[in-house]
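> What follows is a predicted structure for the sequence shown.
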Amino acid sequence: MIDLLVTLALLAIGATAAWIVRGRRAARALPALGPGRVLFPFLGRELSLPALEAALRLARAEQATLVPVYLAEVPLHLSLDCALPRQSAVALALLDAVEQRARRFGVPVDTRIEKGRDSRHALRQMLRHERYDRIVVAAETGAGGDGFTPGETAWLLANAPGEIVVVRPDRNLHTASRAA
Amino acid sequence: MSGRLKVFLGMAAGVGKTYRMLQEGQAEAETGRDVVIGYLESHGRAETVAQAAGLEVVPRRRVDHRGALLEEMDVAAIVARAPELCLIDELAHSNPPGLEHAKRYEDVADVLAAGIDVYSTVNVQHLESLNDQVAELTTTRVRETVPDEVLGDADELVLIDLTPEALIERLRAGKVYPAERIESALNNFFKVEHLSALREVALRQVAEEVEARRVVGPGPPQRRDEERLFATAAPAAIGERLLALVEPTPASQRVVRRAWRSAQRLGTDLDLLWVQPPRELDDGEAAQLEALRRLAVVLGAHLLVEQGDDLVATVRRVARERGTTYVLIGEPSHRTALQRLLRPSLPSRLLAALPGIDVRIVADRTRREGAEPDAGASPPRGEGGAR
């Protein structure tokens, strides 16, 4: 009888311990936000994988949060405050992809969508709204990719205080990450 | 028997609401109906004055307000005159103190109660529920508001639509304001972006009213019992509405993204609700809340911030008010063993508090076993990205 009680008590203790440990593991699963912030603005329909990975490596090394920012362009015939469902569908898919990649790197992510009449206007809005330590951008490859043009990059260098990393992706790598 | 109310709704002054009201009043008079003007605010516009020609005007009454003599609508005289149709401009107008009612829409209710049909006008920024939104869009807040029920109870709602460019053209031509006010109007309220936003709000408002009427309207007589049953049950089943619970944290952006996609698939509206605990926001929370607000605007979702220390009770109230059919929540935060023993989880409490409403937990899919991240993944083609 005593043996049975002891066995039951041990089983109860074991189950409780497993329950607590499982809960703690679940709590640890999400990386906490880092104090620093690395902005990763991007345009269009595709992501530059090398630029994203550069941003992620930088964020991981500095224990910072990656802030991917989709820059949406609002046509002149629409109000700046209007909803953009078609661009939102594109943006959310890309932001999901960034979040997945960041999870693999163990980097916390804080996603954004910024709007503007053109890419510079959207960049200006981003600079106005976001606190950051670094900005990582992909340069246009000349192969028709969606990176920043030399003019946009020059504008960013002239107008954004702080460190800016411009990644010129390898053309083959860039092509590999393009939309199917 | 109560009269019928027809409201002409516009995005801003000058779109032609009063003109159209008078035009329809003239048409009614031509068919032999007894039509009078109860109150007309022509703003000195020649076209408007000309359109009113020939219609009987019920004299205004004079009211002394702080030494100034004001001319106001004479409700008693209109009721005594008892026309079939009365044209009453500016539904949102506030009466000076001392009159029977504080607001003109209350005067209109008296006229309707006397069995007189009424045509009236209002601008979209005067609607109570849109006042904040319009103030945010245009940086101009109007003080005179009309409860939404007044519009909801109207028998007919007519949108007077004009493109922003055409309205600005009318303004420049001196057809809206006198010459000395044109420059100031152009520099402040009458900007294309303001007017475009207002136009969108007005179009949405009318679309929602039309939809509401379509859903709750009596419809044609049904012969079979099952048809009657369908007609009764359909209104509850037609309109889906999603409510996503958010917090000013980055994790909430994932919930919003997933909720928005569901809303798009269902072709329905999305509300985002943050139940703010009764305390001050810290800087980080304020920044995240602002980011959520911007995201909501891009997505066309409605961000609601409600103060309350009882999350479930607040969600229940908001869900009832908004007609919610789905509630989406993020993964509940970690709870200690003791907490799990002492109190049911949030999903369980929501399920208990929201009978008949689906509750969905939005998982973090990047944690799914076997999920292969693919940064090169791209959205479907043909959606028209920014570049």
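On my side now, so go ahead.

> Over to the most centrally placed residue in chain A. Which of the three states is it?
Centrality entry for chain A: nearest residue to the mean C-alpha point is A:P68, 3.5 Å, by C-alpha atoms, centre = their mean. Classification of A:P68 by DSSP: H, G, I helix; E, B strand; the rest coil places it in strand.

> Within the helices and strands, which one has whatever residue of chain A ends up closest to chain B?
When distances are taken as C-beta to the nearest C-beta, chain A approaches chain B most closely through A:A83, which lies 2.8 Å from it. C-beta coordinates here come from the backbone N, C-alpha and C atoms, glycine included. Using DSSP states H and E, A:A83 is not contained in any helix or strand.

> And it, how far from B:R204?
Plainly put, A:A83 is 10 Å away from B:R204 if you go by C-beta to C-beta, to the nearest Å.

> Looking at these two, which is more packed in?
When A:A83 is set against B:R204 and neighbours are counted by other C-beta atoms under 10 Å in any protein chain shown, the residue ahead is A:A83, at 16 against 13.

> Contact partners for the residue nearest to the more buried one when sequence neighbours are not counted?
Taking C-beta to C-beta, 6 or more residues apart in numbering or on different chains as the measure, A:A83 lies nearest to B:G300, with 2.8 Å between them; neighbours along the chain are not counted. Contact partners of B:G300, counting by C-beta atoms under 8 Å, 6 or more residues apart in numbering or on different chains, are A:82-85, B:270.

> got it, and B:T324?
Counting by C-beta under 8 Å, 6+ apart, B:T324 touches B:241-243, B:271, B:318, B:354, B:357.

> How is the chain partitioned into domains?
Going with chain A. The domain map for chain A lists A:1-30, A:37-167, with the assignment taken from automatic domain parsing.

> Please refer instead to chain B.
Domain ranges of chain B: B:5-212, B:242-367, per automatic domain parsing.

> and the residue of chain B nearest chain A?
With C-beta to the nearest C-beta, the shortest gap between chain B and chain A falls at B:G300, namely 2.8 Å.

> Quick check: pLDDT value at that residue.
The predicted structure scores B:G300 at 91 on the pLDDT scale.

> and what of B:K17?
pLDDT, B:K17: 91.

> was I right about it contacting B:K6?
No - contact status for B:K17 versus B:K6: not in contact, 11.5 Å apart, counting by C-beta atoms under 8 Å.

> From start to finish, how long is stretch B:158-174 in a straight line?
Stretch B:158-174 has its terminal residues 25 Å apart, counting by C-alpha to C-alpha, to the nearest Å.

> What average pLDDT does it get?
Confidence for stretch B:158-174, expressed as mean pLDDT, is 85.

> next one: that stretch to chain centre, how far?
Its chain's C-alpha centre and that of stretch B:158-174 lie 21 Å apart, by C-alpha atoms, centre = their mean, to the nearest Å.

> can you check stretch B:292-299 too?
So, by C-alpha atoms, centre = their mean, the centroid of stretch B:292-299 is 18 Å from its chain's centroid.

> Alpha carbons only: can I get it in PDB?
The C-alpha atoms that make up stretch B:292-299 are tabulated as PDB, following Å, rounded to 0.1, in the frame of the first residue of the first chain:
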ATOM      1  CA  LEU B 292       0.100  49.600 -35.400                       C
ATOM      2  CA  ARG B 293      -2.000  52.700 -36.300                       C
ATOM      3  CA  ARG B 294       0.000  53.300 -39.500                       C
ATOM      4  CA  LEU B 295      -0.300  49.600 -40.400                       C
ATOM      5  CA  ALA B 296      -4.000  49.700 -39.900                       C
ATOM      6  CA  VAL B 297      -4.300  52.700 -42.200                       C
ATOM      7  CA  VAL B 298      -2.300  50.900 -45.000                       C
ATOM      8  CA  LEU B 299      -4.400  47.700 -44.600                       C
END
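
> Buried ones in it, by neighbour count?
Of the residues in stretch B:292-299, those buried under the neighbour-count criterion (16 or more other C-beta atoms under 10 Å in any protein chain shown) are B:292, B:294-299.

> circling back: could you tell me how many residues sit around the residue nearest to the residue nearest to the centre of chain A when sequence neighbours are not counted?
Using C-beta to C-beta, 6+ apart and skipping the chain neighbours, the partner closest in space to A:P68 is A:V98 (4.3 Å). In terms of burial, A:V98 registers 26 neighbours under the definition other C-beta under 10 Å.

> tell me which element A:V98 is part of?
Short version, using DSSP H and E: A:V98 is in helix A:85-105.

> mind listing what the helix or strand just after that helix pairs with, with the direction of each?
Toward the C-terminal end, the helix or strand that comes next after helix A:85-105 (DSSP H and E) is strand A:112-116. Within its sheet, and counting by DSSP bridges, strand A:112-116 is paired with strand A:65-73 (parallel).
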